[in-house]
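> just to be clear, the model below is a prediction. Sequence and coordinates:
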Amino acid sequence: MVRLEPRQQHSQAMVYLSPVLAIIFTLLSGLVIFSLFGKNPVTALYTFFVLPISTVYGLTELLVKATPLILIGIGLSIGFRANVWNIGAEGQLTIGAIFGGGLAIWFHDSESMFLLPAMLIAGIIGGGLYAGIPALLRTRWGVNEILTSLMLTYVATLLLSFLVTGPWRDPAGYNFPESRTFPDAGMLPIIMDESRLHFGAILALLAVITGWILMARSVIGFQLKVVGLAPAAAKHVGFIHNKLIWFSLLVGGGLAGLAGVGEVAGPIGQLLPSVSPGYGFTAIIVAFLGRLHPVGVVFAGLVMALTYIGGETAQIEIGTPAAVTGLFQGILLFFLLASDVLTTYRVRFGSPVAERGGSS
Amino acid sequence: MQSEQNGRRGQGEQPLLSLKGITKAFPGTLANDNVGFDIGHGEIHALLGENGAGKSTLVKIIYGVLKADAGEVIWDGQPLTVAGPAVARKRGIGMVFQHFSLFEAMTVQENIGLAVTDEKDRKVLRQRIIEVSKGYGLPLDPDRFVHTMSVGERQRIEIVRCLLANPKLLILDEPTSVLTPQEVERLFETLNKLSSEGCAILYISHKLHEVQELCEHATILRGGRVVAECNPKVETPRSMAELMIGDKLKPPERSKPDLAHSPTRLEVADLSRASDNPFGVDLDRVSFTVKGGEILGVAGIAGSGQVELMAALAGETRMTDNNDCIRIDGEAVAASSPAKRRALGAVFVPEERNGHGAVPAMTLAENAFLTAFHRMKLVKGGLIQTRPTEDFAADIIQSFDVRTTGPEADAGSLSGGNLQKFIVGREVRQEPGVMAINQPTWGVDAGAAAAIHQQLIDLSARGAAVLVISQDLDEIFAVCDHICVMAEGHLSEPRPIGDVTVDEIGLLMGGLHDQSSPPLEEETSAGAGA
């Protein structure tokens, strides 16, 4: 029989080492997988992980993909610290895109400088409101937010496809399921010539700094951590659990909504039936890979962004299936969880001796 | 006494259990270091030591729950390799744990029957339960449901369960912490009877008065090593305590306060509240007052409503419909938040240190901030003032002699006694007007306990009202001015410490559960009526 036994002491260093270990093991698994595909594993790994960022343009593309991941990852990591498991960021992103994009479509001939800020704020409000549904259900009736936030994701994506195939379809778009393209006043400015790198990257940076201060120095960040680590202690000193659940979900949803509007007002420029290749879900991995720390989230966001553009590059260069991106993300999460489990537990073989035997 | 004759080890006679060079290491600590001692047939042997001295580890090795790294357990002259508790029971070793493993929704017989695998034994089980429980003065009704029974009665089930296997050695881990003084007396009669019939008893306790009364031999552990063997009958509790801590023990000093002109600082009037937890205790018209300079003790066996009272005082549960039933310095607060109560100068220390009084995964500085940020003004513009917070934590560590590496150490890395000193220090340092503390020295070593007692006494001398909730009567008699007893959610009238006897307190602790030893039939009808 194989059992897991809690370690008496666990090393603090391992907490930070385990993401590194997970990445190493993911690369090793990559070697095996590419070999099984009949590709030269070394070339394949090079194509996947090095080639995409060997040019300046490639690096800016990495940042373009990392931007939504970091924005969402920051928001989720704040909630996860308080044991609020919002896994519906993908849906909140979608609603954010609908709210912000809706403004751009409504004012499609606007040249006002207020359009873009209004869109960003609308995106934050949209994502926040959408995350408010699980918050209300959890605080009022104790409904598990994991289920509600996840299920609402599918509602959001269906709403988006209804809008782009119906009321918001581009009248001059030959019946393609797409909205009008946004006016220039509703597009995020490009911050580097010859690239798609947009102002959203700066917003992500601001979110990182704010998130860092929030969690490291602020009283509310302290309350979130205490609620997550020791709910009874939080109750003892009167931290209000429901308030912190609301805060976590509103911040997570708001940042996801901002990421959503950042995508449609950035690289995409219009509403499409799908506005995200699963950023909201990948950001969950980003939050954990980054050890729920804002700075860690930046690195983790870059790593996960690389799996996206690496997957695209490998698809073009050596003809691997598009699913390889998801495969690598999954393997990375698997090894990360495995490293974390083995940091706190050790594997024991044989019959359980260390069992308390009062009754049996 | 019977046990003394029977328990005396004849020269040359083989001991029942002989431990030789038992060593067990855990990462970072040597829990048992070359431990060796003998237990004779029918001997009542005490195993003493502070928390973390290695008692539990040693007992788990004997009972087969843990395996020693080195050393031998000789059982009746034969080396014993115990692969698990089931084997230990087969060899004749029984153990009653501190925490019971009983199913509340099942009857006594069903609970005991779970461990009986032989079909033949099962048929006569009912008869055997009645015989054994009667024979040893542990009356039990086989058909009674466990959830209707008091903690003391539940302990009887555990003991009877062990006795059914005719053990030669019975291990008891802190058996009296859940008993009233009268129940303790009865337990000791049972144990003496067992001893006179040749069953040896290994008795683990930190209540030295009891050890002195019951045991004829004691092994004292400190830091995983045997530091002394002694005869408790010729030692004093104090001399044994000093052997345990390896240092001189300073009893708390206090002068009798004059309370005639002191203002009432904490007032609770007719506090009733149904528990949120189905197995919790409902508070029933609890009333008391504590004056400035006074220490009021609340005695009572575990689970009588102490936790619920503490939650109501601290504001974890709020009386939204009856704001007047708790007053701090005259201000009604029963519906107020914990923050408001702390702002008024009341501080609270819950029973559980890890995860309730402190957050183990956070640093001492963060834990200092946890309850003190308001009174010590550690927040500015919504941000934590890191420097003053660390200074405050360092001040607690220094003033209260907390053994640790510094404010950056995790609370979880501290021993129980040190963490408790830190928590008490954190609250005392805020110079509160009212302090309520539940189980101030539970699981705390004698040295730290003495320091904590002195802190409480000094705080009250500075004019604070202090409420001490404790299951340890010695503690209450040592530090308190008045004592009242909590039983089944109700609090008795407080009385001056000098005016009550332990026996009277014990009767109150029993509450509705009858303390006299009724015949089995009566107990049955009482159970049905409850």
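That came in fine, so what should we check first?

> could you use CA atoms for every contact and neighbour count after this?
Noted.

> from the centroid of the chain, which residue is nearest?
No chain was given, so I picked chain A. A:Ala283 (1.6 Å; CA atoms, centre = their mean).

> right idea, wrong chain: chain B
B:Ser177 (4.9 Å).

> what kind of secondary structure is it in?
State at B:Ser177, reduced to three classes by DSSP: H, G, I helix; E, B strand; the rest coil: helix.

> look up how far chain A lies from it.
As judged by CA to the nearest CA, to the nearest Å, B:Ser177 and chain A stand 18 Å apart.

> name the nearest residue to that residue, sequence neighbours excluded.
B:Gln471 (7.2 Å; CA to CA, 6 or more residues apart in numbering or on different chains).

> and that neighbour, what helix or strand is that in?
Following DSSP states H and E, there is no helix or strand that holds B:Gln471.

> from B:Pro237, how far out is it?
As judged by CA to CA, to the nearest Å, B:Gln471 and B:Pro237 stand 18 Å apart.

> count the residues that sit near the closest residue to chain A within the stretch 401-530 of chain B.
At 9.6 Å from chain A, B:Ser413 is the closest residue in the stretch 401-530 of chain B, using CA to the nearest CA. Neighbourhood size, B:Ser413 [other CA atoms under 10 Å in any protein chain shown]: 17.

> that one and A:Ala232, how far apart?
Distance, B:Ser413 to A:Ala232, by CA to CA: 19 Å.

> coming back round to it: out of B:Gln471 and B:Pro237, which sits in the busier spot?
Neighbour tally, B:Gln471 and B:Pro237, criterion other CA under 10 Å: the higher count belongs to B:Gln471, 27 against 18.

> now for that one: which residues touch it?
Counting by CA atoms under 8 Å, 6 or more residues apart in numbering or on different chains, B:Gln471 touches B:Ser177, B:Ala299, B:Gly300, B:Ile301, B:Ala302, B:Gln439.

> confidence score at the last one?
Spelled out, it's B:Gln439. At B:Gln439, the model reports a pLDDT of 90.

> return the distance of the residue nearest to the centre of chain A relative to A:His293.
Here A:Ala283 is placed at a distance of 13 Å from A:His293 (CA to CA).

> which residue ranges form the strands in chain A?
A:2-6, A:345-349 (DSSP state E).

> likewise the stretch 251-400 of chain B?
Along the stretch 251-400 of chain B, counting by DSSP state E, counting those that start in this stretch, strands occupy B:264-273, B:283-291, B:295-299, B:326-328, B:331-332, B:346-349, B:379-380, B:383-384.

> now the helix or strand hosting B:Leu172: buried residues?
Per DSSP H and E, B:Leu172 falls inside strand B:169-173. Under the neighbour-count criterion of 16 or more other CA atoms under 10 Å in any protein chain shown, strand B:169-173 has B:Leu169, B:Leu170, B:Ile171, B:Leu172, B:Asp173 buried.

> the second one against B:Gly198, yeah?
Pointing back at B:Leu170 there. No - contact between B:Leu170 and B:Gly198 fails when scored by CA atoms under 8 Å: they sit 10.9 Å apart.

> B:Ala228 belongs to a helix?
No - under three-state DSSP, B:Ala228 sits outside any helix and is assigned strand.

> got the phi and psi for the residue nearest to it when sequence neighbours are not counted?
Spatial nearest neighbour of B:Ala228, chain neighbours left out: B:Ile220 (5.2 Å); criterion: CA to CA, 6+ apart. Backbone torsions for B:Ile220, taken as degrees, to the nearest 10, come to phi -110, psi 130.

> list the contacts of B:Ile220.
For B:Ile220, the contacting residues are B:Leu47, B:Leu48, B:Gly49, B:Val226, B:Val227, B:Ala228, B:Glu229, B:Cys230, B:Leu243, B:Met244, by CA under 8 Å, 6+ apart.

> which of those are buried?
Among these, the ones that count as buried by 16+ other CA under 10 Å are B:Leu47, B:Leu48, B:Gly49, B:Val226, B:Glu229, B:Leu243, B:Met244.

> contacts only, for the third one.
In other words, B:Gly49. Shown in contact with B:Gly49 (CA under 8 Å, 6+ apart): B:Lys55, B:His206, B:Ile220, B:Leu221, B:Arg222, B:Met244, B:Ile245.

> mind giving me the ChimeraX select for the residues you listed, buried ones only?
Selection command for ChimeraX covering only the buried members of those, criterion 16+ other CA under 10 Å:
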select /B:55,206,220,221,222,244,245
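
> which bits of chain B sit near chain A?
Contact residues, chain B versus chain A (CA under 8 Å from any CA of the partner chain): B:26-27, B:64-67, B:83-86, B:95-97, B:100-102, B:114-115, B:311, B:314-316, B:337-339, B:355-359, B:361, B:370-371, B:379, B:382-386.

> how about the helices in the stretch 201-350 of chain A?
Secondary structure of the stretch 201-350 of chain A (DSSP state H, counting those that start in this stretch): helices at A:219-229, A:231-236, A:241-263, A:279-289, A:294-318, A:324-344.

> deepest of those, which one?
Highest mean neighbour count of these: helix A:241-263, a mean of 29 (counted as mean count of other CA atoms under 10 Å in any protein chain shown).

> convert the C-alpha atoms of that one to CSV, please.
Output in CSV follows, covering the C-alpha atoms of helix A:241-263 (Å, rounded to 0.1, in the frame of the first residue of the first chain):
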residue,chain,number,x,y,z
HIS,A,241,-15.5,37.0,6.2
ASN,A,242,-18.3,37.9,3.9
LYS,A,243,-16.8,41.3,3.2
LEU,A,244,-13.5,39.6,2.3
ILE,A,245,-15.3,37.2,0.0
TRP,A,246,-16.9,40.1,-1.8
PHE,A,247,-13.6,41.9,-2.0
SER,A,248,-11.8,38.9,-3.4
LEU,A,249,-14.4,38.2,-6.1
LEU,A,250,-14.9,41.9,-7.1
VAL,A,251,-11.1,42.4,-7.5
GLY,A,252,-10.6,39.2,-9.3
GLY,A,253,-13.6,39.8,-11.6
GLY,A,254,-12.7,43.4,-12.2
LEU,A,255,-9.2,42.6,-13.2
ALA,A,256,-10.4,39.8,-15.5
GLY,A,257,-12.9,42.2,-17.0
LEU,A,258,-10.1,44.7,-17.6
ALA,A,259,-8.1,41.9,-19.2
GLY,A,260,-11.1,41.2,-21.5
VAL,A,261,-11.5,44.7,-22.6
GLY,A,262,-7.8,45.0,-23.0
GLU,A,263,-7.9,42.1,-25.5
